[in-house]
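> this one's structure only:
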């Protein structure tokens, strides 16, 4: 079952065509990876899905709903979580405060009652906090650092906190922009395990961009390959790996030819 | 020694009032990255509205304050919606010019409506000076300080604990991330303009109550500017501390040095301190260093 459909998306900045006529579907409960060389338009696609960019042509459907006129903040409320390539945490705040902000969209009280810390808002806050502490912090193994300010943490941990914040939104789809960029082998393995667990335990659909081919091929159900703003192909990791144009795009034309000759 | 204590204490009180006005700058800058050069005029308008409510409509101050708060919020709201929202993405210098222009317009409007003559408030507080041991404090200054502190503390708590405050901090920190948390960033801009205008107008009432109202009351905004820079443009705590530092430095310099230099040192001293602090800490005492990534 489709949860996300991207239909004929085109985007250009001035004279530069960033995306031309890209279409793909993401099925519910799968890990869908988008790969491609630098400048292929991967992050632009995520930005269009989460509503930061408006495409010139084409539409995004989420659970069958056309998102064209829905702003970024409302899309988050509909159930789209997001992590960023350059960690976008609130650096002055503690880990817990960052995670609580993720749950912001689910606080039911309005602006005026939200102004006051006690009463209904307070009760909700406490319930929310318990739920967050129990589930997500335990799940991501960040119990010991939850009171620390984010800026004091190591890079890999910051990435994990950002993931925790996105999970606190209880999203239906999680968009991850390079979740393991800059991580060492061990951190990458941890993150890959978390991503698989998120899919299985929370039943969240994941769309991710990554350059780490080994991880992509290990964990994703389907892969989309972008090159110069066009969709080259998509399919299972195995199918994609064998595709001659993919090999050409990644390794260069000449190398691909020699490989074909054997 | 008595003179020293006297100068420090009254400097401290003045500093508390400066801190409130500095908040008017910081609340807006923090969320929107806009320096509102019309802050002084927001103060002046707040003071005039309060004056009119008290003198023409003969309302009690307890009704007057809430009405001024509502009017100020409305002023901030309109300025953001009608003018600054359309300036999003324009060069900083254009935006600054717009706020300076806005200040001139408000100044002109005030002269048209209320005339340019000096008016003083009807007494708000008991006239009796406050005496603490050897120190004598003007009652308007003392009660004005208490009022300013109450407002500052309310804003601090709001920022720390309320949902709106947290959302505003999130917006200030990272707009993209705020969007993806489901925070309506544009609404946060509007709210921060409303908050900034409220802080400025309440500061205006306190200043007006001490020294009277006239359209040029807003020029004190220029004096507040070093405070904001000193504390770091985006730090609320910085604004509060900066207010106290400038208030005390100004009063000490005025008390000790002015007699030797035919006056004027009082106004100059805060800027000297400002330059020294900026030489050591270019982002102010508590400001964030900005790292721009492309």
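Cool, the structure landed. None of the values given here were measured: they were computed from a predicted structure.

> C-alpha only now, for contacts and for neighbours.
Fine.

> let me see the contact set for the residue of the stretch 1-150 of chain A found nearest chain B.
For the stretch 1-150 of chain A and chain B, the shortest gap (CA to the nearest CA) falls at residue A:73, measuring 3.8 Å. Counting by CA atoms under 8 Å, 6 or more residues apart in numbering or on different chains, residue A:73 touches B:178-185.

> which one of these is nearest to residue A:183?
Checking the contacts of residue A:73 against residue A:183 by CA to CA gives residue B:180 as the nearest, at 23.6 Å.

> does that closest one touch residue A:84 like I think?
No. Counting by CA atoms under 8 Å, residue B:180 sits too far from residue A:84 to count as a contact (9.9 Å).

> which one of these two has more residues nearby?
residue B:180 (27 against 20; other CA atoms under 10 Å in any protein chain shown).

> list, one by one, the residues from chain B near chain A.
Remark: the part of chain B in contact with chain A comprises B:158, B:161-167, B:170, B:173-174, B:176-185, using CA under 8 Å from any CA of the partner chain.

> kindly recompute the last result at 6 Å.
B:162-163, B:173, B:177, B:179-184 (CA under 6 Å from any CA of the partner chain).

> list the contacts for the residue of the stretch 51-200 of chain B found nearest chain A?
Here the stretch 51-200 of chain B gets closest to chain A at one residue, residue B:182, 3.8 Å apart by CA to the nearest CA. Residue B:182 sits next to A:73-74, A:76-77, A:105 when contact means CA atoms under 6 Å, 6 or more residues apart in numbering or on different chains.

> most neighbours among these, please name it.
Busiest of those [other CA under 10 Å] is residue A:76, holding 27 neighbours.

> nearest residue to it other than its sequence neighbours?
By the measure of CA to CA, 6 or more residues apart in numbering or on different chains, the closest residue to residue A:76 outside its immediate chain neighbours is residue B:182, 4.8 Å from it.

> same check, this time on residue A:47
Using CA to CA, 6+ apart, the closest residue to residue A:47 is residue A:53 (5.7 Å).

> ranges for the helices of the chain?
Looking at chain A here, since you left the chain open. Using DSSP state H, the helices of chain A run over A:42-50, A:72-79, A:95-102, A:111-114, A:119-132, A:138-139, A:155-168, A:185-201, A:213-219, A:237-242, A:244-251, A:253-261.

> my question was about chain B, not that one.
B:2-32, B:39-55, B:61-78, B:92-114, B:139-161, B:163-173, B:175-180, B:185-211, B:220-231, B:236-257, B:265-280.

> point out where chain B drops to low pLDDT.
B:1, B:289-294 (pLDDT under 70).

> one more pass at 50, please.
B:291-294 (pLDDT under 50).

> buried sites along stretch B:187-200?
Buried residues in stretch B:187-200, counting neighbours by 16 or more other CA atoms under 10 Å in any protein chain shown, are found at B:188-200.

> actually stretch A:25-40, not the one I wrote
For stretch A:25-40, by 16+ other CA under 10 Å, it's A:25-36, A:40.

> and if you look at stretch B:68-80?
B:68-69, B:71-80.

> same check on stretch A:200-214?
So stretch A:200-214, judged by 16+ other CA under 10 Å, has buried residues A:203-211.

> got the contact list for it?
So stretch A:200-214 is contacted by A:28-34, A:172-178 (CA under 6 Å, 6+ apart).

> filter these down to the ones close to chain B.
Okay, of the contacts of stretch A:200-214, nothing touches chain B (CA under 6 Å from any CA).

> show me the residues you listed that map onto strands.
Among those, the residues falling in strands (DSSP state E) are A:31-34, A:173-177.

> how many neighbours does the nearest residue to residue B:36 once chain neighbours are set aside have?
Once flanking residues are discounted, residue B:36 sits nearest to residue B:99: 5.7 Å by CA to CA, 6+ apart. For residue B:99, the count of nearby residues is 20 (other CA under 10 Å).

> tell me who's in contact with residue B:99.
Residue B:99 neighbours (CA under 6 Å, 6+ apart): B:36-38.
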